[in-house]
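> Show me the folded form of this:
(2 chains)
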Amino acid sequence: MNAFGYVRAGDVGIAVRALADGDGRARLIAGGTNLIDLMKENVERPSLLIDITHLPLGAIQAADDGGLRIGALVSNTDVAYHPEVERRYPLLSRAILAGASAQVRNMASVGGNLMQRTRCVYFYDRATPCNKRTPGAGCSAIGGFTRYHAILGTSEHCIAVHPSDMCVALAALDAVVRVTGPGGERAIAFEDFHRLPADTPHIDTNKRTDEIITAVDLPARGFADHYAYVKVRDRASYAFALVSVAAALRINGETIEEGRLALGGVAHKPWRDRAAESALVGQPASRATFERVADLLLRDARGFGHNAFKIPLAKRAVIRGLEQAAKGVNPP
Amino acid sequence: MAERRVQTIGTAPAAMPERMGVMFKLNGAVRHIDVAPWTTLLDALREYLDLTGTKKGCDHGQCGACTVLVDGRRILSCLTLAVMKNGAEVTTIEGLAHDGALHALQQAFIDHDAFQCGYCTPGQICSALGMIREGRAKTADDIRELMSGNLCRCAAYPNILAAIETAMKQLR
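So this is what the prediction gives:
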């Protein structure tokens, strides 16, 4: 780890100013579970850490529109076990508890979960070229070991995946990210928060570098009756997803009135596909419907050798997620 | 002596940070240390406060050997900067026994032969204590899932599970 300065921010304005005044190498720190790890690997080499853990962003509050506002500093644990989240947004609880370990969830903040970097081994290994670390250097994953890499939305410059479980549920729930910067506050739709790699894989999100996440807003509709989070991974627990699926349905009788699907472990961002979701609407909640939608969702998927198995795996996970959501049965 | 142990790699930023004063309520006693910002809580405990019960396993948050309780919650001390926990209450494995009597979890680990090499044990016990306080584990499968952040390379898992189940009944 390199030497760095440390300041504790007393309010959001100070944190924003400290970011803006820095040399571009200042970083915000909250839970630190990803940033400190990256610093130990010398992938992140900040000049200054701005400790935001004392900012007043640690509350979960009812919002005027019937939704829920989750402060950026609420720990992953406290979101997952919050009575209102468990009751109204069980999909989010399930997704969070499928991720990391209890210790990491106790430390990690909501904002930090959104900002975590990929776990691509080549991104972590400074001995190998990586367009995320050094734009233009090349991608070592393409042609390398790709078991944990993307099958959707890839580019010739990067096939890394976003590692979050929480974000997959937030994408399915149409959450909104609130950020504050020198120009004031703005809201970013969850789908627009993370980016595909394209030719700028070093830029993970559309949050500007001088902005700070203050909250994540959940809309009123939480799909508490028909939801599922299916996570497939190499260990039974404490492993990143090979493929994960957040499925949420609104069903009237046997007919689907609304469907949401988000995939994790398959792309540079939680993957949503409006065409696939539209194909659920008005259809019977049947296996035939779900198979058709799974095919549609993966229609543009492309394997890179070792990860080609993820295409059929993702289809099956989508079908299973939709079946569980339709039944309203959620085995642990 | 401690200064030598602070790892620095590469060039220092323009304004070289000074050591900062940090205070913990550590296992019930107030302790003050001066550390650089990049000193982890784990290194602060082991190298500055001579509490070597907390173990450095992977040093990357993957094994759980460094688990301690901060303000009552189990966290990974290897991924925590000491300066960020100024004023916090920190409990390590050394703080669990009282008046010479082992904590129920410590005794249960002995009674169930819940370790072989013992390196993961302090982290297992601190993590189990945090889990019991969280109150979410009801079944053996819950315990397995909620203890998945603590690896045991000797694979003493069946006995660790039995020890935690025993202590959990006593502590409720």
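> what residues are up against residue 46?
By default, I'm working from chain A. A:N2, A:F4, A:R25, A:A26, A:R27, A:L35, A:M39 (CB atoms under 8 Å, 6 or more residues apart in numbering or on different chains). (Glycine included, C-beta is placed from N, CA and C.)
> you looked at the wrong chain, it should be chain B
So B:R46 contacts B:T52, B:T54, B:K56 (CB under 8 Å, 6+ apart).
> part of a strand, is it?
No - judged by DSSP: H, G, I helix; E, B strand; the rest coil, B:R46 forms no part of a strand; its state is helix.
> Show the backbone phi and psi for the residue of the stretch 51-200 of chain A found nearest chain B.
Going by CB to the nearest CB, chain B is nearest to A:S101 of the stretch 51-200 of chain A, at 2.5 Å. Dihedral angles of A:S101 (phi, psi; degrees, to the nearest 10) stand at phi -120, psi 170.
> now the end-to-end length of stretch A:265-279.
Terminal residues of stretch A:265-279 are spaced 23 Å apart (CA to CA, to the nearest Å).
> In chain A, mark out all the helices, start to finish.
Ranges of helices in chain A, per DSSP state H, are A:12-21, A:35-40, A:76-80, A:83-88, A:90-97, A:102-107, A:110-115, A:121-124, A:166-172, A:190-193, A:274-278, A:287-297, A:310-327.
> can I get those in CSV with mean pLDDT and mean neighbour count?
What follows is these, written out as CSV (pLDDT from 0 to 100; neighbours: other CB atoms under 10 Å in any protein chain shown):
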stretch, mean pLDDT, mean neighbour count
helix A:12-21, 93, 17
helix A:35-40, 98, 22
helix A:76-80, 98, 24
helix A:83-88, 98, 15
helix A:90-97, 98, 25
helix A:102-107, 98, 26
helix A:110-115, 98, 25
helix A:121-124, 98, 20
helix A:166-172, 98, 29
helix A:190-193, 98, 20
helix A:274-278, 98, 15
helix A:287-297, 98, 18
helix A:310-327, 98, 21
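> From the contacts of A:P46, which land in strands?
A:A26, A:R27 (DSSP state E).
> circling back: now tabulate the contacts of B:R46 in CSV and tack on distance to chain A and pLDDT.
Shown next, in CSV, are these (distance: CB to the nearest CB, whole Å; pLDDT from 0 to 100):
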residue, distance to chain A, pLDDT
B:T52, 20, 98
B:T54, 13, 98
B:K56, 12, 98
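> May I ask which of those residues has the most neighbours?
Taking other CB atoms under 10 Å in any protein chain shown as the neighbour criterion, B:T54 ranks highest of these with 24 neighbours.
> residues contacting A:I212?
A:V12, A:A15, A:V16, A:L19, A:L28, A:I52, A:A72, A:G111, A:V179, A:T180, A:G181.
> mind redoing it with 10 Å?
Residues near A:I212 by CB atoms under 10 Å, 6 or more residues apart in numbering or on different chains: A:9, A:12-13, A:15-16, A:18-19, A:28, A:50, A:52, A:55, A:57, A:72, A:111, A:178-181.
> Next: A:F223.
A:F223 neighbours (CB under 10 Å, 6+ apart): A:88-92, A:169, A:172-173, A:246-250, A:258-260, A:325.
> Type out the ChimeraX command that picks the buried ones from the contacts of A:P46.
Written as a ChimeraX command, the selection of buried residues from the contacts of A:P46, which uses 16 or more other CB atoms under 10 Å in any protein chain shown, is:
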select /A:2,4,26,27,35,39
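> Out of the contacts of A:P46, the closest to chain B would be?
Using CB to the nearest CB, those come closest to chain B at A:N2, 4.7 Å.
> quick one: which of the helices of chain A is nearest A:T154?
helix A:310-327 (11.8 Å; CB to CB).
> Measure how that closest one sits relative to helix A:287-297, angle-wise.
Angle of helix A:310-327 versus helix A:287-297, following axes from the mean of the first three to the mean of the last three CA atoms, to 10 degrees, is 140 degrees.
> any idea how far helix A:310-327 is from the chain center?
How far helix A:310-327 lies from its chain's middle: 19 Å, per CA atoms, centre = their mean, to the nearest Å.
> go on, stretch A:93-108?
13 Å.
> which ones are touching the residue in chain B that chain A sits nearest to?
Nearest residue of chain B to chain A: B:G149, at 2.5 Å (CB to the nearest CB). Going by CB under 10 Å, 6+ apart, B:G149 touches A:100-106, A:237-238, B:61-64, B:67, B:74, B:76, B:123, B:127, B:131.
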